[in-house]
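Trainee: The following block contains a protein sequence and its predicted model.
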Amino acid sequence: MLEEARERLEGARNAKGQKLEIVRLPMPEPVAFDGQRLPASYANFYVGNAAVLVPTFNDPNDRVALGILGEVFRDRPVVGIHARDLVLGLGTLHCSTQQEPG
């Protein structure tokens with residue numbers, strides 16, 4: 001499913017007609033609770049004014065993902081935030097910053 005999405009994005013263009021730059025991130029080992037696979041992903045990072053907050057999962061790929069995002073966001077620190085408990089809510093850092101309906 002992720003490879004299919006990547007392929008589609010590689011063929012997409014932005015509003016100015018430019019190709020998108022695709023940055024591959026690793027996946028952590030699957031995280032599950034009560035038989036349900038949870039959406040653990042490093043792509044659920046949050047870009048703030050002073051830092052980029054990246055979910056981590058006590059996984060060997062945590063360091064790899066932090067390194068890749070550190071190269072992408074050279075203008076601010078990239079900070080890992082342990083998110084195994086957050087992902088129980090079916091999202092992590094970026095999801096937690098989104099609006100709630102009134």
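Mentor: Cool, the structure landed.

Trainee: What's the biggest helix in the chain, counting residues?
Mentor: Using DSSP state H to define each element, the chain has its longest helix at helix 61-72.

Trainee: can you pull the buried residues of that helix?
Mentor: Buried residues in helix 61-72, defined by neighbour count with 16 or more other CB atoms under 10 Å: 61-62, 65-66, 68-69. C-beta coordinates here come from the backbone N, C-alpha and C atoms, glycine included.

Trainee: Out of those, which comes closest to residue 26?
Mentor: Relative to residue 26, the closest of those is residue 61; by CB to CB it sits at 4.1 Å.

Trainee: From residue 15, how far out is the closest one?
Mentor: 33 Å (CB to CB, to the nearest Å).

Trainee: now swap in residue 89 and tell me
Mentor: Distance from residue 89 to residue 15, by CB to CB: 33 Å.

Trainee: So which of these two has more stuff around it?
Mentor: Higher neighbour count among residue 89 and residue 15: residue 89, with 11 against 5, using other CB atoms under 10 Å.

Trainee: So which bits of stretch 75-91 are buried?
Mentor: 78-80, 83-84, 86-87, 91.

Trainee: which residue is nearest the centroid of the protein?
Mentor: residue 43 (1.2 Å; CA atoms, centre = their mean).

Trainee: Let me know the secondary structure of it.
Mentor: coil (DSSP: H, G, I helix; E, B strand; the rest coil).
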